[in-house]
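Chemist: Compute the structure for the input listed below.
(chains A and B)
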2 protein chains.
Amino acid sequence: MGEPMRPIERGDLEPLATGAWILGTGGGGSPYLSYLNMRKLYADGSQVNLMDPADLADDALVAVVSNMGAPLVGQERLSDPTFAAKPVRMMEDYLGRRFSAVMSVEIGGGNAFQPLLVAAMTGLPVIDADAMGRAFPEAQMTSFAIADLPMFPLTLADIRDNEVIVARAASWKWMERISRKVCTEVGSIAATCKAPRSGAEVKAHGILYTTTQAIALGREVRRARQAHEDPVAATLTAAKGKLLFRGKIADVQRRATEGFLRGTARIEGIDDDRSARFEVAFQNEYAVGWRDGRVVVTTPDLICVLDSVSGEAIGTESLRYGQRVSVIALPAPAILRTPKGIAHVGPRAFGHDTDYMTVFDDVVPMGQQR
Amino acid sequence: MGEPMRPIERGDLEPLATGAWILGTGGGGSPYLSYLNMRKLYADGSQVNLMDPADLADDALVAVVSNMGAPLVGQERLSDPTFAAKPVRMMEDYLGRRFSAVMSVEIGGGNAFQPLLVAAMTGLPVIDADAMGRAFPEAQMTSFAIADLPMFPLTLADIRDNEVIVARAASWKWMERISRKVCTEVGSIAATCKAPRSGAEVKAHGILYTTTQAIALGREVRRARQAHEDPVAATLTAAKGKLLFRGKIADVQRRATEGFLRGTARIEGIDDDRSARFEVAFQNEYAVGWRDGRVVVTTPDLICVLDSVSGEAIGTESLRYGQRVSVIALPAPAILRTPKGIAHVGPRAFGHDTDYMTVFDDVVPMGQQR
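Modeler: Now for the predicted structure:
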């Protein structure tokens, strides 16, 4: 258990961007534009507080926010704190209750900043937790869904004047289908507030302390970079990861379809991995990795593609020919690796006809430390 | 102005089905299943009251209901009064207000019965009016949209447990796009409650007395049929229409796409029209008619394809090779024929690069009589 409430310092923002982008496993959208927004809000006098989830009252009402859509589109539209807060206000109006805190559905990618943007607009504290411990593309791929918590209501706003409430859904997959179609129709980008959670639900079923962990990870990568150490090695040490492959991007197949960015990348090996090749498939996030045609790693293990020199994460929308990359794996939160978790977020949930394959045997996974 | 409130008699139901199906101009879905539902509800003791719109208080709250989707799908799923009433209850919960009456968005097709189904479940009176005076496929094709009334909120329910509220929309076309995508995703059939209307709005901008007119039209067709007179001729007399073509269906192109039923039918002439041919294009409803390749009639004129013997309307989902048909036109309500009306419901609104072409010069259009 940490301090009850501590400010997120201005100096935490850049490490958070770096760490969250690695935890995005290629998806979640680059945090860069949201980071710029937060930096400006801080320069204008905002400060956001981070709250230990252990200090949430059981009956506290927590907003679970995300910026939903295809990462490629997220890169083309400047994020905006008013837009991020809109579905939270919609939800409060709809419920006739006020939130006492806000958290992200996913710590990976730009959504690490979504609750900070909302907090800057509303004064709510940000809960040090998320519901994935990484990023995932679909609504039912959360620890809350795995725990069978209710999936509605959901509020969704676009940048025009369209506002949709999914008041009930027959299942998590129906919630995903309906909200995804609306998101796609309004341009494959929408701000959402997912089903509100009680403090008790967050404490029992959230992935805890992931904001703190993302900041710490980013801080370590940046330290290594400044000390002219290997930032990829620093990531592996900080997040208990494993190096899978080093090489050069040789080919990228990518299409924005049905509100997602799908495709594969092929990497030709260098150094120790020369004469080998690695392929990685993605749906927003990296989902399955093959070495010389054999599956070696799958979701929910965090598959990350990093720039071999800077250690910066490379998103599925930014992969391009010639990049020197290191493919690494980080351990997934324990709840995702249970049989129920694998059913929600394992490789078959992404359409791959293969079993869950992990490169970790017996590690303490993220979100369960501390 | 009629009596303030009169019961819709059991004997009105079958004429309403016949008349509304003609006014559906091929769309709106067959009223047959909804008629069977109402007949059963009447047999079980229900009775629904029809209210003169002139007797609505200005501040009365009126539910505008419709069964939304592709007619072909509507034929495959039995309609159900509980399902019809669901979005009305959702809207009342959302607004925190109770409705004092219910009306259909369109008198054409099965939606003529939608407010009756709701009324049987709720005890609300049915307003003798609609917002089209016929059927149209899209949300912005109403007299309320032409009058620039607000288009939100809208509630939508499917037959599972999915419930969506479009709380705001940037425009009528955005409301159409978003609600259509949700409708399509849940199986191209959904019960909806459109933006609530005040009594003042209904009186000023509704198409008035169309329920009464549909019953009268159906009664006349059935009378002619029983008297061995020509029911097509009876329709023309009762609704001030014109015969455009008599022939036999020679070809039908039809596809269910984007939540609509689109296509064309080709009719080879017989009797006076032999050696001529007629083509008619539809998007749920018949939209444009060509005689020997030349446009002779377009929406918003009501283009109806009737069985030449029985006078029964033939829906766009029921057209088939070999049917003996009479193509007729009925005059459209005046508001639809204004320049603003044509912009909303003229042929260009259906993607046809042609101007509005009417076969009526100076008639008193439906919905303006009485």
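
Chemist: Just the CA trace of stretch A:156-176, in PDB.
Modeler: The C-alpha trace of stretch A:156-176 is given here as PDB (Å, rounded to 0.1, in the frame of the first residue of the first chain):
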ATOM      1  CA  LEU A 156     -19.400   7.700 -26.100                       C
ATOM      2  CA  ALA A 157     -18.700  11.100 -27.700                       C
ATOM      3  CA  ASP A 158     -17.100  12.200 -30.900                       C
ATOM      4  CA  ILE A 159     -15.500  15.500 -31.800                       C
ATOM      5  CA  ARG A 160     -18.700  16.800 -33.500                       C
ATOM      6  CA  ASP A 161     -21.800  16.800 -31.400                       C
ATOM      7  CA  ASN A 162     -22.700  13.100 -31.400                       C
ATOM      8  CA  GLU A 163     -23.200  11.400 -28.000                       C
ATOM      9  CA  VAL A 164     -24.300   7.800 -27.600                       C
ATOM     10  CA  ILE A 165     -25.200   5.900 -24.500                       C
ATOM     11  CA  VAL A 166     -25.200   2.100 -24.600                       C
ATOM     12  CA  ALA A 167     -27.600   1.700 -21.800                       C
ATOM     13  CA  ARG A 168     -27.600  -2.100 -21.800                       C
ATOM     14  CA  ALA A 169     -25.800  -4.800 -23.600                       C
ATOM     15  CA  ALA A 170     -26.500  -8.500 -23.800                       C
ATOM     16  CA  SER A 171     -22.900  -9.400 -23.200                       C
ATOM     17  CA  TRP A 172     -19.400  -7.900 -23.200                       C
ATOM     18  CA  LYS A 173     -19.000  -9.000 -26.800                       C
ATOM     19  CA  TRP A 174     -22.300  -7.200 -27.700                       C
ATOM     20  CA  MET A 175     -21.000  -4.100 -25.900                       C
ATOM     21  CA  GLU A 176     -17.800  -4.300 -28.000                       C
END
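
Chemist: Please report the residue range of the longest strand in chain A.
Modeler: The strand spanning the most residues in chain A, taking DSSP state E as the definition, is strand A:242-257.

Chemist: buried stuff in that one?
Modeler: Using 16 or more other Cβ atoms under 10 Å in any protein chain shown as the test for burial, strand A:242-257 gives A:242-247, A:249-250, A:252, A:254, A:256. Bear in mind the C-beta positions are built from the backbone N, C-alpha and C, glycine included.

Chemist: Packing partners of it?
Modeler: helix A:231-238, strand A:260-269, strand A:277-283, strand A:285-291, strand A:324-330 (3 or more Cβ pairs under 8 Å, 6 or more residues apart in numbering or on different chains; DSSP states H and E).

Chemist: Would you single out the least confident of these?
Modeler: Among the helices and strands packed on strand A:242-257, strand A:260-269 carries the lowest mean pLDDT, at a mean of 94.

Chemist: Quick check: neighbours of it in the sheet, parallel or antiparallel?
Modeler: Here strand A:260-269 is paired, per DSSP bridges, with strand A:242-257 (antiparallel), strand A:277-283 (antiparallel).

Chemist: returning to what we had before: indicate which one of the helices and strands packed on strand A:242-257 is closest to residue A:162.
Modeler: strand A:260-269 (20.5 Å; Cβ to Cβ).
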